[in-house]
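Engineer: Sequence and predicted structure are below.
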Amino acid sequence: MKSKASGSKILSLSMLFIFAVFFLQIQLSAGIKSKLSSPANDQAVDEEYTRLIKEATTKPEFLSPLTRYLPLVEGVPTPKDVLGYIAGAPGKLTYYEDILKYMNALAEASPNVQVFPIGKTSEGREMIIVAVANKETMSNLQKYKDFLAKLADPRIVKTEKQAEAIIAQAKPIYWLTGNLHSGESGAAEVSMELAYRLAVDENPAIKKIRDNMIVLITPSMEPDGHDKHTDWFYKYNKDVTDYRKISRVPYWGKYTFHDNNRDMICISQPEMENGANAYFDWHPIVVQDNHESIAFLYVSSGTGPYNRHYHPSVTSEWNLIAWWEVTRLTSYGMPGVWTHAFWTGWAPNYWGAIAGNHHGIIRFYETFGNSIGNTMERDLGEGRRRVTSREWYRPLPPYKKVLWSMRNNVNYQQTADLEAFYFVAANKEYFLKNFWKRGLSSYEKGKNNPPYAYIIPAGQKDPVDAASLVNLLLKQRIEAHQAKSPIKVKEGEFPAGSYLIRMDQPYCTLAQNLLERQKYPEDAPRAYDDTGWTLGLHMDVKTVEIKDKSVLDVAVVPITKPVKAKGGVLGGKAAGAYIINNTTINNLLPARLKLKEFKILAAEVAFKIKKKSFNAGSMIIPVSGASADVHQDVQSVANELGLEVVSTKKVPDVKTHDLDIPRVAIYHTWFSAQDDGWVRYAFDDLGIPFTMIHKDHLKRGNLKDKYDVIIFSNCRGRKGADIVNGLDPEYRGSLAFVKTREFKHLGTPDSCEDITGGMGIEGVSNLQKFVNDGGLLIALHNPVRVAIDFGLVRGIDVFQTSSKFYNPGSLLQSEVVNEKHPICYGYDKKIPIYRSQSGPLLRIEEEKEKHVVLRYAKEGEVCLSGIVKSQDEIKGKAAVVDMPVGKGHIVLFTFNPFWRDLSRGSYMLVFSAILNYNDLGVGLEK
Ligand SMILES: [Zn+2]
């Protein structure tokens with residue numbers, strides 16, 4: 001018998017997982033199988049609720065033994081008691097305030113439930129965590145939080161013995177979140193019934209979850225969007241039963257749409273910051289974030305390539321738990337539960353990655369959602385992703401055609417949620433130990449293996465972004481230090497005051513993940529999202545990887561609060577001028593706007609004063625002619641914005657032009673309002689005023705009377721006409737995104753009486769007139785197609801790349817072609833930029849080549865981080881082009897310089913264009 005066991009060597013990895021799961025399942029379910037499949041014998045059932053569940057479920061196999069009844073407990077309200085309907089009732093979506101009302105009522109009635117506020121959304125809604133566990137646990141929450149905080153820090157819990165002593169008393173915390181994407185509405189409905197079941201069901205399996213674990217539930221991670229989506233449902237989709245005819249609400253969060261699930265590197269949005277703070281308060285070992293897209297239930301495990309900084313036990317836990325859910329639900333006869341072939345597990349930017357990046361695990365589901373509350377016939381054959389075949393990872397595939405209800409979705413999510421909770425609760429020691437071990441392994445790795453640190457040297461050309469980078473790491477609870485004296489290591493010498501990110505710390509793997517360069521494997525499946533995110537490149541901040549171990553001996557002070565670049569005026573009160581060197585600090589634009597009372601000049605070439613060099617584009621504020629308090633104003637702006645200002649005896653003798661005050665508009669479409677949010681976020685974050693405009697503003701015309709600069713934000717569209725035509729009004733006629741008494745959640749951050757249709761030919765014509773009259777139009781990435789397709793620029797066409805060309809989100813090398821052009825003021829010859837495939841590359845006629853300002857690297861490696869395949873197709877191609885048209889200019893960006901709050905190093909390309917909006921011509925003069 002023994003010799004036969006060696007045959008297991010040839011089992012594939014996946015088979016091993018299945019094997020492992022079967023083994024565990026036999027162990028675990030031997031005692032519970034029969035109990036799991038029926039309610040506790042002596043517990044009463046809510047007959048009415050139970051009947052309604054069955055009615056709302058379209059086929060018996062879409063119900064599970066866990067959801068086919070609802071227990072009845074005197075004095076504890078069910079969702080129906082508060083809402084008037086069951087979770088997942090046909091034709092219903094629940095407003096956020098009603099969800100809160102229910103959760104509070106439940107907490108009021110049950111000692112097993114408490115509601116904790118975790119902070120406000122952009123629009124002021126209270127985000128919450130609903131904690132559920134048994135009474136003893138709930139009365140000692142702080143004790144259990146402390147256990148996990150200790151296990152999260154290998155410097156406190158150093159040995160296996162210490163760990164085991166804590167684990168013997170500790171309980172895992174499992175955080176379930178959902179509805180981050182507002183169109184994926186099921187999880188919000190699930191949350192209420194799930195909390196109720198967890199609190200009251202006497203089914204031994206659920207009792208075990210309650211006794212062994214603390215479950216945290218956040219009904220919605222994007223409450224603002226949830227209410228917009230819900231309003232939109234009641235206003236426009238109430239009678240829709242054809243999935244293709246569902247109308248989509250244009251905005252969710254204030255700034256982010258689907259990308260709210262890509263903010264876990266920067267943690268820029270308040271919803272994500274609330275989430276992160278709550279994470280570090282509780283230290284959950286799992287964050288599971290439920291989404292909806294494919295049939296019927298995909299459980300995350302991913303195809304790989306997995307992020308190299310995820311410990312092997314992370315990816316094996318993904319697979320282990322996923323196979324438990326797949327196996328259990330399949331054994332209930334529920335079709336369509338599968339894992340593996342969706343998502344890679346590469347990028348660390350998803351919301352749930354807050355756990356994955358901090359030694360817990362990120363998990364998610366994609367269930368089949370109708371988006372709205374209505375029951376409808378769904379045809380899976382039409383879908384982009386075909387998921388109806390039987391595969392090793394999909395033992396019982398979904399049906400090709402199905403009548404699908406919200407309640408089906410609620411049953412699937414809830415059943416799988418409970419199974420996952422059960423699995424972790426039943427094996428709590430194992431999961432808690434892995435959690436501790438991963439922290440230890442990260443810490444040991446950083447202590448004993450290179451790199452030993454990253455240095456962010458003092459004296460950077462952009463100290464403001466260098467400080468932002470440090471602050472971003474602090475938000476991630478990565479420890480940062482500052483060197484007391486100059487550092488001498490093999491990699492070079494660095495001045496005192498340099499920032500050090502030492503690797504001998506628990507979250508060293510995350511620090512390395514964010515600071516090193518990524519290399520996405522050539523032969524890997526297509527990337528699910530960005531392949532490169534190196535922060536130093538994104539922010540154009542110098543970071544140095546240090547392999548010399550002596551760096552750990554450098555005398556340092558810990559940084560305990562956010563850092564700020566020091567600004568001020570050098571040389572006292574000026575007799576001649578105040579000068580701000582242009583080193584591409586983003587705050588130069590806000591500085592100019594804050595000093596709007598004063599004349600400010602831009603130097604057109606580099607110059608020197610004594611031994612100090614100033615770049616072209618440096619700002620010169622002459623004292624003569626200015627009001628008396630110029631010194632005070634300059635000083636306060638310099639301090640506030642971290643700018644170093646030099647005062648001089650006389651105005652330097654250098655060619656200049658005036659930096660006039662621009663009136664800026666940011667244009668957005670109504671069908672793809674995602675990337676304009678990041679542009680607006682950057683402007684608001686830096687305090688740069690702008691007007692938000694849409695198609696109607698363009699149609700009305702007289703644009704030059706109101707604006708000097710129009711930024712055309714990135715949006716979807718295969719060709720210019722898609723962007724110009726806008727939303728197809730065919731199905732519904734007009735759609736008003738406005739606040740009314742009945743639909744009070746609509747109409748922000750922008751409103752419109754009819755969002756269908758686009759700017760049309762009229763809008764294009766008015767844009768052309770705007771430019772002819774001297775306006776500056778800046779097209780960010782895909783809208784470049786509008787300028788080309790509609791003839792706003794001549795001699796430029798879209799370059800057709802081959803099918804081999806592959807440029808998922810990566811960091812690329814670009815190089816300055818025209819260094820005297822204002823757009824390039826202050827930049828080094830080479831600029832790292834972010835680019836993804838979605839927009840066009842350009843084919844430029846020879847006589848127009850002189851308008852190229854920036855290009856992708858002509859020689860050497862184009863890709864700095866991530867992957868670019870068939871690089872030759874992009875080498876030397878234009879990255880930024882400035883086309884003079886009439887009295888104005890059209891600037892074309894073939895990448896999106898405002899990427900998810902990350903790409904701060906390229907903002908200045910746009911800001912410089914804005915600052916010099918009516919002098920761009922100086923860059924094109926011979
Ligand atoms: Zn989603």
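Structural biologist: In hand now; what should we look at? Being a predicted model, the structure only gives us computed values, none of them experimental. Residues are numbered from 1 along each chain as shown.

Engineer: Now that we're looking at Ile32, what pLDDT does it have?
Structural biologist: Turning to Ile32, the model gives it a pLDDT of 40.

Engineer: Ignore what I typed, I meant Lys35.
Structural biologist: Looking at Lys35, its pLDDT reads 40.

Engineer: do the same with Ser29
Structural biologist: pLDDT, Ser29: 41.

Engineer: Just the pLDDT for Ser8.
Structural biologist: For Ser8, pLDDT reads 39.

Engineer: so how far is stretch 207-215 from its chain's centroid?
Structural biologist: With C-alpha atoms, centre = their mean, to the nearest Å as the basis, stretch 207-215 stands 31 Å off its chain's centre.

Engineer: what comes into contact with it?
Structural biologist: Under the criterion C-beta atoms under 8 Å, 6 or more residues apart in numbering, residues 32, 112, 131-134, 137, 141, 144, 171-174, 176, 198-199, 201, 418, 421-422, 424-426, 428 lie in contact with stretch 207-215. Glycine gets a C-beta too; all of them are placed from N, C-alpha and C.

Engineer: Now for Gln837: which residues touch it?
Structural biologist: Contacts for Gln837 (C-beta under 8 Å, 6+ apart) come out as Phe805, Tyr806, Asn807, Pro808.

Engineer: Tabulate those residues in a markdown table, adding columns for secondary structure, pLDDT and neighbour count.
Structural biologist: Below are those laid out as a markdown table (DSSP: H, G, I helix; E, B strand; the rest coil; pLDDT from 0 to 100; neighbours: other C-beta atoms under 10 Å):
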| residue | secondary structure | pLDDT | neighbour count |
| --- | --- | --- | --- |
| Phe805 | coil | 96 | 17 |
| Tyr806 | strand | 96 | 20 |
| Asn807 | coil | 96 | 26 |
| Pro808 | coil | 95 | 22 |
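
Engineer: Could you dump the residues you listed into CSV and include distance to Phe494?
Structural biologist: Formatted as CSV, those follow (distance: C-beta to C-beta, whole Å):
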residue, distance to Phe494
Phe805, 39
Tyr806, 37
Asn807, 34
Pro808, 34
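
Engineer: Share the number of residues neighbouring Tyr306, please.
Structural biologist: Number of residues near Tyr306 (other C-beta atoms under 10 Å) recorded here: 16.

Engineer: And for Asp675?
Structural biologist: Close neighbours of Asp675, defined as other C-beta under 10 Å, add up to 25.

Engineer: Okay, now the unreliable bits of the stretch 501-650 of the chain?
Structural biologist: 626-628 (pLDDT under 70).

Engineer: What is the nearest of the contacts of Gln837 to Glu873?
Structural biologist: Using C-beta to C-beta, Phe805 is the member of those that lies nearest Glu873, at 4.6 Å.

Engineer: Of the contacts of stretch 207-215, which belong to strands?
Structural biologist: Mapping the contacts of stretch 207-215 onto strands (DSSP state E) picks out Ala131, Val132, Ile173, Tyr174, Leu176.

Engineer: which residues touch the nearest residue to the first one once chain neighbours are set aside?
Structural biologist: Using C-beta to C-beta, 6 or more residues apart in numbering and skipping residues adjacent in sequence, the residue nearest Ala131 is Gln114, 5.0 Å away. When the contact criterion is C-beta under 8 Å, 6+ apart, the partners of Gln114 are Ala107, Val130, Ala131, Met138, Leu141.

Engineer: Over to Val76?
Structural biologist: Counting by C-beta under 8 Å, 6+ apart, Val76 has contacts Leu106, Ala109, Ser110, Tyr196, Ala199, Val200.

Engineer: Double-check the first one against Leu194; I have them as touching.
Structural biologist: Read that as Leu106. No - between Leu106 and Leu194 there is no contact under C-beta atoms under 8 Å: 10.8 Å.

Engineer: For the residue most central in space within the chain, give its distance to Met406.
Structural biologist: Centroid-nearest residue in the chain: Arg262, 1.7 Å away (criterion: C-alpha atoms, centre = their mean). Arg262 is 27 Å from Met406, where distance means C-beta to C-beta, to the nearest Å.

Engineer: next one: phi and psi at the closest residue to the ion within the stretch 101-250 of the chain?
Structural biologist: Closest contact between the stretch 101-250 of the chain and the ion, by C-beta to the ion, is at His181 (3.6 Å). His181 adopts backbone torsions of phi -90, psi 120, taken as degrees, to the nearest 10.

Engineer: ok, how many other residues are close to it?
Structural biologist: Residues near His181, counting by other C-beta under 10 Å, number 25.

Engineer: That one contacts His291, doesn't it?
Structural biologist: Yes - under the criterion of C-beta under 8 Å, His181 makes contact with His291 at 6.1 Å.

Engineer: overlap in contacts of these two?
Structural biologist: With C-beta under 8 Å, 6+ apart, His181 and His291 have common neighbours Asn261.

Engineer: What residues does the stretch 751-900 of the chain have near the ion?
Structural biologist: Within the stretch 751-900 of the chain, no position is near the ion by C-beta under 5 Å from the ion.

Engineer: Tell me where the stretch 401-550 of the chain has strands.
Structural biologist: 401-404, 453-456, 481-483, 487-489, 492-494, 499-502, 544-546 (DSSP state E, counting those that start in this stretch).

Engineer: cool, and the stretch 51-200 of the chain?
Structural biologist: Remark: strands assigned in the stretch 51-200 of the chain by DSSP E, counting those that start in this stretch are 113-120, 126-132, 173-178.

Engineer: Give the buried residues for the last one.
Structural biologist: It refers to strand 173-178. Within strand 173-178, the residues scored as buried using 16 or more other C-beta atoms under 10 Å are Ile173, Tyr174, Trp175, Leu176, Thr177, Gly178.

Engineer: Same list (the residues you listed) but as CSV, adding pLDDT and distance to Lys848.
Structural biologist: Formatted as CSV, those follow (pLDDT from 0 to 100; distance: C-beta to C-beta, whole Å):
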residue, pLDDT, distance to Lys848
Ile173, 98, 60
Tyr174, 98, 59
Trp175, 98, 55
Leu176, 98, 55
Thr177, 98, 50
Gly178, 97, 51
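
Engineer: Where does the stretch 201-350 of the chain get nearest to the ion, which residue?
Structural biologist: His291 (3.3 Å).

Engineer: Wait, a strand at that residue?
Structural biologist: Yes - the assignment for His291 (DSSP: H, G, I helix; E, B strand; the rest coil) places it in a strand.

Engineer: Help me confirm that it comes into contact with Ser182.
Structural biologist: No - His291 is beyond contact range of Ser182, at 11.4 Å (criterion: C-beta under 8 Å).

Engineer: out of the two, which sits in the more crowded spot?
Structural biologist: Ser182 (28 against 24).

Engineer: For stretch 256-276, what does the pLDDT average out to?
Structural biologist: On average, stretch 256-276 scores 97.

Engineer: whoops, stretch 835-842 was the one
Structural biologist: Averaging pLDDT along stretch 835-842 gives 93.

Engineer: One more: stretch 54-62?
Structural biologist: Stretch 54-62 carries an average pLDDT of 98.

Engineer: Next, the buried residues of that stretch.
Structural biologist: So, applying 16+ other C-beta under 10 Å, buried residues of stretch 54-62: Ala56, Thr57, Thr58, Phe62.
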